[in-house]
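> This is the structure alone, sequence omitted:
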């Protein structure tokens, strides 16, 4: 209950404070590549229930049909404004609405697409017992995941066999130590990472 109150309070405050900024980003996306402003992607949430995750659209329309992974900083599918938004993680800001609605938490395991969740082992599926979040230990550790995948000859294989299992281990670490104090520390570490 305390975590939910924390999520509601901080997401609401964040949305109110960032509203002018969210508007400016929306206008910039429209000028740069037209509508839609937001990209809704189906992800797997708590208890394995699908939900739509909100992001600012950073890729050209229909790009998700060419693959789910973004590889490197110069993926040709990314729009001009999209590079900037992704670099500073600004494309993730609309997920504050996910938090307010209760489909996500500020801190928790990052929600994955169904394709990769179906590859989880029974033990790995335990991460679905908690609400997914905007940031967590795995998000901090793999902050530059796209660049790591760009170095691979087979990015999807690297993600499935190396990165995904490592992230799930970090998810388990968070779940075993989840509390509001830990959440605050992770949020501050995330801000520090973005600013650095």
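Okay, I see it. Quantities reported herein were computed from a predicted structural model and do not represent experimental measurements.

> the longest helix in the chain is where?
helix 2-33 (DSSP state H).

> least trustworthy helix or strand in this protein by mean pLDDT?
helix 145-150 (a mean of 84; mean pLDDT, DSSP states H and E).

> which sections of this structure are below the confidence cut-off?
By pLDDT under 70, the low-scoring segments of the chain are 62-74.

> could you show me where the strands are in it, in order?
Using DSSP state E, the strands of the chain run over 38-44, 50-56, 105-107, 133-135.

> Give the other helices and strands that the first one contacts.
What it means is strand 38-44. Judged by 3 or more C-beta pairs under 8 Å, 6 or more residues apart in numbering; DSSP states H and E, strand 38-44 is in contact with strand 50-56, helix 114-117. Any C-beta I mention is one placed from the backbone N, CA and C, and that applies to glycine too.

> Swap in 10 Å and give it another go.
helix 2-33, strand 50-56, helix 114-117 (3 or more C-beta pairs under 10 Å, 6 or more residues apart in numbering; DSSP states H and E).

> What lies in contact with that strand?
26, 29, 50-59, 61, 63-64, 68, 82, 91, 94, 97-98, 103-104, 110-118, 120, 125, 127-128, 132 (C-beta atoms under 10 Å, 6 or more residues apart in numbering).

> ditto for the third one
Identification of contacts with strand 105-107 by C-beta under 10 Å, 6+ apart yields 3-4, 6-11, 14, 46, 95-96, 98-99, 130-137, 139, 174, 178, 180, 182-187, 190.

> which among the residues you listed end up buried?
Burial by neighbour count, 16 or more other C-beta atoms under 10 Å: within the contacts of strand 105-107 this picks out 3, 6-7, 10-11, 14, 46, 95-96, 98-99, 130-137, 139, 174, 178, 183, 186-187, 190.
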